[in-house]
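S.K.: only geometry, no sequence info:
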């Protein structure tokens, strides 16, 4: 194995090596290619290993899933190994009719082409460079993403799959594992969502986790969505629908729920996104699915900032939790109590606390320092929960401020206020839908 100062991107199952000194435009060209549908393999340093499939390019562990964006710094970007088909030399201006060249890498000859990385046609020229060597990208060689949907019976998998179908996914529910490889080996024209759970014939959670890991190592875009729910809510749902639990047809539903939770533990532990549906209505669940998967897989680490109230309990899907109950509480101001942290008067009141500014600065610095590490470890989704007593004032203001700061730094952020409307509902009324916002980096920068 050898390591080069270079960048590698892949189109379909073929990688292109971008060569040149620092400042030659490798990362910039890679970023434009990724935006055009290519996949990052490695940025700045590329490990190259001779294999039976050719020279395999991959990223060193500490740089995996990261790319440099000038003016922003190091940001997360999904990456996977791929065999090298072509090398582009960005340090030399190409001739009008360049002669055939090769470069020896890991003991094998790789076609080499001088390449100008600048100009609006750079991405198209890179595509043509592959095509001119019989490596044109076809629909069969570019595989749309695959989403595995699993979780507890009664947690909402059917609703999630219907929502994914509405978002343009091809959906197959209760797929026998014996047919899994044959299905994904075919040519896919759109994203694929597969419902696989305890009902599936010959269901083996550990084998499924291993298969997903093998597909990722082979460069396939595949993720696992796990739907969870509190036991008492699941029992109530089975009682209301009068359905029997698939693992306890002749016993109480609680027995089946306990058995299924133990059976599915390997999937819950390996899930890219764990979504708790305990307090979600069917409309809320469809909305969450649309947010996450409406445009396919979001590039890089998808971050959700969630405000909540401790009075309603901790969010079960939270990865990081920060408590804002030490800040001055607008609840005790009669004119501010009916408002929320989305109102300027409340936000100004909370920000006036002497602890607010230093806390937000440190929180912003901490979160931004952690994001590359989560991306490097392969985590696709990160939920950061910001809490206060009721979830209407302090947590909302802080979550909004932190979301704006992360968006200004180039991170796409979804902002969700879980409990912002709960205390305004009359007794006995169904809970209101949470307010959800999506912050794009371009919006935060005023573009």
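M.R.: Everything's here; your move. Computed from a predicted model, the values in this text were never measured in an experiment.
S.K.: Setting aside sequence neighbours, what's the nearest residue to the residue nearest the centre of the chain?
M.R.: Nearest to the mean C-alpha position of the chain, by CA atoms, centre = their mean, lies residue 380 at 3.4 Å. Setting aside the residues directly before and after it, residue 380 is nearest to residue 272 in space (CB to CB, 6 or more residues apart in numbering), at 4.1 Å. Glycine gets a C-beta too; all of them are placed from N, C-alpha and C.
S.K.: Was I right to think that neighbour contacts residue 379?
M.R.: Yes. Contact criterion CB atoms under 8 Å: residue 272 and residue 379 qualify, at 7.2 Å.
S.K.: which residues touch the residue nearest to the centre of the chain?
M.R.: By CB atoms under 8 Å, 6 or more residues apart in numbering, the contact set of residue 380 is 78, 223, 272, 273, 297, 301, 302.
S.K.: Show me what residue 305 is bridged to.
M.R.: In this entry, residue 305 is beta-bridged to residue 384, residue 415, by DSSP bridges.
S.K.: Quick check: phi and psi at residue 32.
M.R.: phi -70, psi -40 (degrees, to the nearest 10).
S.K.: distance of it from residue 4?
M.R.: 21 Å (CB to CB, to the nearest Å).
S.K.: Could you pull out the helices in the chain for me?
M.R.: 26-35, 122-131, 157-166, 180-185, 205-217, 231-241, 253-263, 265-270, 282-293, 344-351, 356-376, 394-408, 441-444 (DSSP state H).
S.K.: Averaged pLDDT, the last one. What do you get?
M.R.: This points to helix 441-444. Helix 441-444 shows a mean pLDDT of 47.
S.K.: again with the fifth one
M.R.: Helix 205-217 shows a mean pLDDT of 85 in the predicted model.
S.K.: other SSEs contacting it?
M.R.: Helices and strands touching helix 205-217, by 3 or more CB pairs under 8 Å, 6 or more residues apart in numbering; DSSP states H and E, are strand 146-151, helix 180-185, strand 222-228, helix 265-270.
S.K.: so can I have JSON lines of those showing mean neighbour count?
M.R.: Listed next are these as JSON lines, based on neighbours: other CB atoms under 10 Å:
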{"stretch": "strand 146-151", "mean neighbour count": "25"}
{"stretch": "helix 180-185", "mean neighbour count": "13"}
{"stretch": "strand 222-228", "mean neighbour count": "22"}
{"stretch": "helix 265-270", "mean neighbour count": "16"}
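S.K.: I'd like to know which of the ones you listed is closest to residue 40.
M.R.: Ranking the helices and strands packed on helix 205-217 by their distance to residue 40 (criterion: CB to CB) puts strand 222-228 first, at 16.3 Å.
S.K.: which outside residues touch that closest one?
M.R.: 145-152, 155-157, 160, 212, 215-216, 264, 267-268, 270-278, 297, 316-317, 380.
S.K.: what residues are up against the closest residue to residue 196 other than its chain neighbours?
M.R.: Distances taken as CB to CB, 6+ apart place residue 150 nearest to residue 196, at 5.4 Å, with adjacent residues excluded. Residue 150 makes contact with 157, 195, 196, 197, 224, 225, 226, 227, 264, 267, 271, according to CB under 8 Å, 6+ apart.
S.K.: Any idea what residue 150 is bridged to?
M.R.: Bridge pairing for residue 150 - DSSP bridges - gives residue 226.
S.K.: so how far is residue 419 from it?
M.R.: Distance from residue 150 to residue 419, by CB to CB: 28 Å.
S.K.: Could you measure from residue 309 over to residue 324?
M.R.: Residue 309 is 11 Å from residue 324, by CB to CB.
S.K.: what about these two, which has more around it?
M.R.: residue 324 (26 against 22; other CB atoms under 10 Å).
S.K.: Quick check: that one touching residue 394?
M.R.: Yes. Residue 324 is within contact range of residue 394, at 4.5 Å (criterion: CB under 8 Å).
S.K.: joint contacts of these two?
M.R.: Residues touching both residue 324 and residue 394 comprise residue 388, with contact defined as CB under 8 Å, 6+ apart.
S.K.: ok, and the closest non-adjacent residue to residue 390?
M.R.: residue 309 (4.4 Å).
S.K.: in the sheet, who's paired with that neighbour?
M.R.: Under the criterion DSSP bridges, residue 309 forms beta bridges with residue 388.
S.K.: For it, give me its contacts.
M.R.: If you count contacts by CB under 8 Å, 6+ apart, residue 309 has them with 387, 388, 389, 390, 391, 392, 395, 418, 419, 422.
S.K.: now those as CSV including pLDDT, neighbour count and distance to residue 82?
M.R.: Output for the contacts of residue 309, formatted as CSV (pLDDT from 0 to 100; neighbours: other CB atoms under 10 Å; distance: CB to CB, whole Å):
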residue, pLDDT, neighbour count, distance to residue 82
387, 96, 28, 42
388, 96, 29, 46
389, 94, 17, 50
390, 93, 22, 50
391, 94, 28, 45
392, 94, 27, 49
395, 96, 32, 43
418, 89, 24, 40
419, 90, 27, 45
422, 74, 19, 48
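S.K.: tell me which of these is nearest to residue 343?
M.R.: After measuring these against residue 343 - CB to CB - the closest member comes out as residue 392, at 10.2 Å.
S.K.: Relative to residue 14, how far out is the residue nearest to the centre of the chain?
M.R.: To residue 14, residue 380 is 24 Å away according to CB to CB.
S.K.: quick one: buried residues of stretch 309-328?
M.R.: Buried residues in stretch 309-328, counted by 16 or more other CB atoms under 10 Å: 309, 310, 312, 315, 316, 317, 318, 319, 322, 324, 327, 328.
S.K.: And these, which is closest to residue 97?
M.R.: When the buried residues of stretch 309-328 are compared for distance to residue 97 (CB to CB), residue 319 comes out closest, at 54.5 Å.
S.K.: give the contact list for residue 125.
M.R.: 115, 116.
S.K.: Against residue 390, how distant is it?
M.R.: Applying CB to CB to residue 125 and residue 390 gives a distance of 57 Å.
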